[in-house]
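Q: Give the three-dimensional model of this entry:
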Amino acid sequence: MNTAPTIRKGRKYEEVLGGARAVFMRDGFEGASVDDIARAAGVSKATLYSYFPDKRILFIEVSRLECERMAQDTGNVADFSAPPREVMTTTANTLLRFLLSEFSLQMFRICSAEAKRFPELGQAFYQSGPEMGCKRMAAYLRFAIERGEIICDDPQLMAEQFTELCKAKLWPRAIFGVQTSFTDAEISEVVTAAVDTILARYGA
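A: As a prediction, the model looks like this:
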């Protein structure tokens, strides 16, 4: 399914996205009205509809761009020619902080709540977030396998296992509202355990 429709861009594009992001974060998808989004963006409803004729398309675009920023941040700080422990530690740290962010948690809750009525919302978030991140990690792992640093027949599965290890302990507490803030020490503990565990299984 293609969840990336053509988006018209213009001088009010960023304002519309910024207003939509704020309202989606505050009110969720169902509760977010076009009137509130237009007001938050400082544009007319006609201008908003000229960019995004459907609220779902607007939500998908907000989600896609935020996930792309996370992926770009990871790419900027991770040297993919470096050894696995270094790359995985950097990637896990960036990934976990994104997963614990207000944006990521709210997007997950919205997509889960709307999964039956609007499955394309969750599909779009998955494709631009978790799926893209795992593909990027799998691409690195193939290089590491060729260099003899990793022993694995299925780098895509390994990447997905690594992602799940990064969600241990802290993410469930965050998604259910059991804990709302996390220290660097707590994040480092999960990151180190994830990297140690995956390398114990696949490290050369």
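
Q: what's the lowest-mean-pLDDT helix or strand in the chain in contact with?
A: Least confident helix or strand of the chain, by mean pLDDT, DSSP states H and E, is helix 55-77 with a mean of 77. The contact list for helix 55-77, computed with CB atoms under 8 Å, 6 or more residues apart in numbering, reads 3-5, 7, 16-17, 20-21, 24, 29, 32, 34, 37, 48, 51-52, 90-91, 94-95, 98, 103, 107, 110, 118, 120-121, 124-125, 128-129, 132-133, 136. Where you see a C-beta, it was placed from the backbone N, CA and C, and this is true even at glycine.

Q: Need the buried ones from those selected in PyMOL.
A: Selection of buried members from the contacts of helix 55-77 for PyMOL, criterion 16 or more other CB atoms under 10 Å:
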select buried, resi 3+16+17+20+21+24+29+32+34+37+48+51+52+90+91+94+95+98+103+107+110+118+120+121+124+125+128+129+132+133+136
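
Q: So which of the contacts of helix 55-77 sit within helices?
A: In helices, judged by DSSP state H, the following of the contacts of helix 55-77 are found: 16-17, 20-21, 24, 29, 34, 37, 48, 51, 90-91, 94-95, 98, 103, 107, 110, 120-121, 124-125, 132-133, 136.

Q: ok, Gly18 to Phe108 distance?
A: 21 Å (CB to CB, to the nearest Å).

Q: Repeat that for Ile187.
A: Taking CB to CB, one finds Ile187 at 18 Å from Phe108.

Q: try Ala200
A: 29 Å.

Q: Now stretch 107-126: average pLDDT?
A: Averaging pLDDT along stretch 107-126 yields 86.

Q: Show the end-to-end separation of it, please.
A: Looking at stretch 107-126, the gap from its leading to its trailing residue is 10 Å under the measure CA to CA, to the nearest Å.

Q: residue closest to the middle of this structure?
A: The chain has Gly129 as the residue nearest its centroid, 3.8 Å off, counting by CA atoms, centre = their mean.

Q: Grab the nearest non-local neighbour of that residue.
A: Cys67 (4.1 Å; CB to CB, 6 or more residues apart in numbering).

Q: what's around the one you found, how many residues?
A: 24 (other CB atoms under 10 Å).

Q: Make sure Ala115 is actually in contact with Phe125.
A: No - Ala115 is beyond contact range of Phe125, at 10.5 Å (criterion: CB atoms under 8 Å).

Q: give me the low-pLDDT residue ranges for this protein?
A: Where the chain drops to pLDDT under 70, the residues are 1-8, 10, 73-78.

Q: Kind regards, and thank you for your time.
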